[in-house]
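> Dropping a prediction and its sequence here:
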Amino acid sequence: MNPAIVVAIVAFVLLLFVFGMYNRLVRARNHCNEAWFNIDTELKRRYDLIPNLVNCVKGHAKYERELLERITALRQECVANTGSPESQAASENKLVRALSALLVRVENYPSLKASQNYLQLQTELVNTEDRIQAARRFYNGNVRENNNLVEMFPTNLLAGMFGFTRREYFEIVDIRERAVPDASL
């Protein structure tokens, strides 16, 4: 066999291997982007629900004005934060803690807990939180795959050459991970 043909075949196989690694890196990056957009969609859904929840609670919980104003301000902060997943997670965690505090305080308003509007909003909020958590898990799985490709040999060589980088995980607290209301007298 002609040595030139052997070298050409080896070069062609190596080139296919490089193309395959590059395409895996692109696919991982695109999956991360798509998953992030899913999270963003669910967060916007939560932001749309919050004013309705706040208005519903306002009529019943006249003494909770400071908390309701804080939730409204935190919602605005979250809407305005379009930074990295880490910075958005910090804002989201503050909002989740405030929403959890609101849900705990609502326990003191039996007429509000029985209100159909409040129950519907609470159900929607819980469903949205479930969707956020599912989207977060999907995103973080894609980030894990991306980071593995960026860090593992031999794809790390191509990642460095073509500017592929590690992605940040998106970690927020689940709104249902809240303190149980104290029922002691």
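Cool, got the structure.
> Now for this protein, the helix or strand with the poorest mean pLDDT.
Least confident helix or strand, the chain: helix 110-113 with a mean of 74, by mean pLDDT, DSSP states H and E.
> any idea which helix is longest in the protein?
helix 3-60 (DSSP state H).
> counting contacts, what elements does that helix pack onto?
Packing partners of helix 3-60 (3 or more CB pairs under 8 Å, 6 or more residues apart in numbering; DSSP states H and E): helix 65-80, helix 85-106, helix 110-113, helix 116-151, helix 155-162. For every residue, glycine as well, the C-beta is placed using N, CA and C.
> any idea how far it is from the chain center?
Computed by CA atoms, centre = their mean, to the nearest Å, the separation of helix 3-60 from the middle of its chain amounts to 13 Å.
> Lowest average confidence across the helices and strands packed on helix 3-60, which one?
Lowest mean pLDDT within the helices and strands packed on helix 3-60: helix 110-113, a mean of 74.
> roughly how far out does it sit from the chain middle?
Put simply, helix 110-113 sits 31 Å off its chain's centre (CA atoms, centre = their mean).
> packing partners for it?
The contact analysis (3+ CB pairs under 8 Å, 6+ apart) places helix 110-113 against helix 3-60.
> the inter-axis angle of the helix it packs on versus helix 85-106?
With axes from the mean of the first three to the mean of the last three CA atoms, to 10 degrees defining the directions, helix 3-60 sits at 30 degrees from helix 85-106.
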